[in-house]
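Asker: the following block contains a protein sequence and its predicted model.
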Amino acid sequence: MKFKLPAHDVLTRRALLGRSARGLGGIALASLLGKGALATAAANEGAAASDRWTGVVQPLHFVPKAKRVIWLYMAGGMSHLETFDYKPQLAEMHGQPMPESITAGQQIAQLQGAKLNCFGPQHEFKRYGSSGQQISSIFPHIGEKIADQMCLIRSLHTEAINHDPAHTFMNTGSMIAGRPAAGSWLNYGLGAETEDLPGFVVMVSTGKFGQKQPIAARQWHSGFLPSRFQGVEFRSVGDPVLYVSSPAGVDKSRQRDVVDAVARLNALERDVVDDPEIATRISQYEMAFRMQSSVPELMDIKDEPQSILDLYGTQGGDGTFASNCLLARRLAERGVRFIQLYHRDWDHHGSVKEHSAGSAAEVDQATAALVTDLKQRGLLDDTLIVFGSEFGRTPMAQGNGRDHHIAGFTMWLAGGGVRGGMSYGGTDEFGYRAVDKPVAVHDLHATILHQLGIDHQRQTYRFQGRDFRLTDVAGNVLTDLLA
């Protein structure tokens with residue numbers, strides 16, 4: 001009769017070799033360096049293991065200016081020329097041929113080979129605030145209420161000219177699907193401030209004007225990082241998280257028994273195969289259990305005064321961008337690290353004048369309200385707001401709309417240690433190319449990480465023999481726009 005080890009005592013060949021190698025290495029190191037050096041090496045190895053398993057950078061590389069990020073993502077490609085980048089020369093040349101010196105050899109999407117005529121800004125621009133920020137009149141709330149908190153970056157450029165790869169590049173720093181999202185990198189680097197909610201939450205709203213490009217869940221995926229760092233989508237209408245409620249007839253104590261039993265079974269499996277994803281499975285069961293209480297409390301806005309509901313322009317629970325902005329503030333108060341709100345309504349290949357005004361009306365009041373509300377609660381100083389799209393729109397006409405454009409567009413930041421009431425960089429006189437202080441997407445990511453205390457060059461994760469980072473092999477912190 002053959003002797004068989006109990007299942008929980010089984011050790012895989014890979015685990016055996018790995019643990020044996022570490023043990024022998026430790027003995028050799030002790031003999032060469034002595035106990036003091038070995039203790040230091042062990043501490044460093046433990047810290048590295050902690051980084052890999054819990055995702056906490058200790059200590060932070062810089063003194064952080066922000067604790068969290070709220071990214072207001074205008075999905076579809078918001079036209080910078082109708083919103084934040086006024087070009088009087090383009091207005092003067094409306095309907096005339098675009099100079100070939102501007103477009104020759106440039107990557108153009110659907111207008112490739114077409115006759116390229118200038119298409120002037122379709123809305124009036126005004127100067128707002130004591131800083132005199134020049135902003136389109138279709139954003140009266142943003143202009144009148146928060147212009148002096150905004151840092152307009154008018155010189156963004158990106159690499160992907162179609163929506164899906166452009167979303168992927170803006171979110172992960174790569175057009176290759178499968179890389180971790182920025183929110184996952186932050187969660188991995190900083191850990192969560194809350195045990196009752198995910199550290200990375202996504203909400204999606206849909207407007208009534210532009211074409212509705214899909215937003216794939218891989219835009220908030222953790223990629224090769226442990227999957228507990230991925231974003232969790234909260235639905236804006238109905239149950240925010242599917243299946244998080246207990247089944248009918250199952251009370252909290254019985255649910256606790258199930259969670260504990262599953263955790264014990266998963267722990268046995270983890271001890272056998274030494275797989276970090278099993279630790280994720282255990283932690284996510286625990287998170288789901290805690291969310292059975294925390295999520296209903298989050299969504300219940302009856303404690304919000306009418307003045308706040310009026311400020312945002314919502315009664316909540318209707319799936320609008322305004323409702324999601326209010327929830328974003330509540331998530332920020334509860335310690336969620338990275339909150340991303342997608343608004344799908346900015347793909348304006350036609351009727352850009354009417355549709356940009358309509359899309360702006362859907363987000364204007366709530367965006368200003370969110371910044372105002374955070375400021376009056378003392379949260380804006382340590383909350384970094386990001387507002388923008390995956391790319392901009394061409395200064396050439398596509399009928400009465402605009403095509404995709406990657407060579408120059410605008411995003412803005414507020415709070416989180418960023419200088420308010422300023423503009424940074426700029427495009428040429430046609431709004432075509434970023435020419436003054438060009439800003440790459442990697443620079444944006446590097447700056448976001450910096451404000452949360454992370455050196456983008458030092459936060460890496462080894463995968464398939466290579467050290468990866470959010471900014472790949474590029475990125476510069478935009479120090480000129482930091483307070």
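Answerer: Good, I have the coordinates.

Asker: can you give me the helices for the protein?
Answerer: 13-54, 88-92, 100-103, 140-146, 163-172, 182-190, 252-273, 276-299, 306-312, 321-333, 352-376, 441-451 (DSSP state H).

Asker: these: lowest mean pLDDT?
Answerer: Lowest mean pLDDT of these: helix 13-54, a mean of 41.

Asker: residue 313: what's it in contact with?
Answerer: 322, 365-366, 369 (C-beta atoms under 8 Å, 6 or more residues apart in numbering). All C-beta atoms are positioned from the backbone trio N, CA, C, and that covers glycine.

Asker: list just the nearest of these to residue 470.
Answerer: residue 366 (28.1 Å; C-beta to C-beta).

Asker: wait, doesn't that closest one sit right on residue 321?
Answerer: Yes - using C-beta atoms under 8 Å, residue 366 is in contact with residue 321, at 5.6 Å.

Asker: so for those two, which residues contact both of them?
Answerer: With C-beta under 8 Å, 6+ apart, residue 366 and residue 321 have no common neighbours.

Asker: which of those two has more residues huddled nearby?
Answerer: residue 321 (30 against 27; other C-beta atoms under 10 Å).

Asker: report the contact partners of that one.
Answerer: Counted by C-beta under 8 Å, 6+ apart, residue 321 has contacts 205, 207, 341, 343, 362-363, 366.

Asker: ok, back up a step: of the contacts of residue 313, closest to residue 150?
Answerer: Taking the contacts of residue 313 together and measuring to residue 150 by C-beta to C-beta, the closest member is residue 369, at 14.4 Å.

Asker: for residue 210, give me its contacts.
Answerer: Contacts of residue 210 (C-beta under 8 Å, 6+ apart): 76, 344-348, 355, 359.

Asker: do that again at 10 Å, thanks
Answerer: 74-78, 343-352, 355-356, 358-359, 401 (C-beta atoms under 10 Å, 6 or more residues apart in numbering).

Asker: what's the answer for residue 355, then?
Answerer: Applying C-beta under 10 Å, 6+ apart, the residues near residue 355 are 76, 79, 82, 122, 207-211, 345-349, 400-401.

Asker: so the spatially closest residue to it that is not a sequence neighbour versus residue 351, what's the distance?
Answerer: The shortest distance from residue 355 to any non-neighbouring residue, by C-beta to C-beta, 6 or more residues apart in numbering, is to residue 209 (4.1 Å). The gap separating residue 209 from residue 351 is 8 Å, by C-beta to C-beta, to the nearest Å.

Asker: wait, residue 212 touches residue 206, no?
Answerer: Yes - counting by C-beta atoms under 10 Å, residue 212 does reach residue 206; the two are 6.1 Å apart.

Asker: between the two, what contacts are shared?
Answerer: Shared contacts of residue 212 and residue 206, counting by C-beta under 10 Å, 6+ apart, come down to 75, 344-345.

Asker: need those in CSV with pLDDT, can you?
Answerer: Converted to CSV, the shared contacts of residue 212 and residue 206 look like this (pLDDT from 0 to 100):
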residue, pLDDT
75, 98
344, 97
345, 96
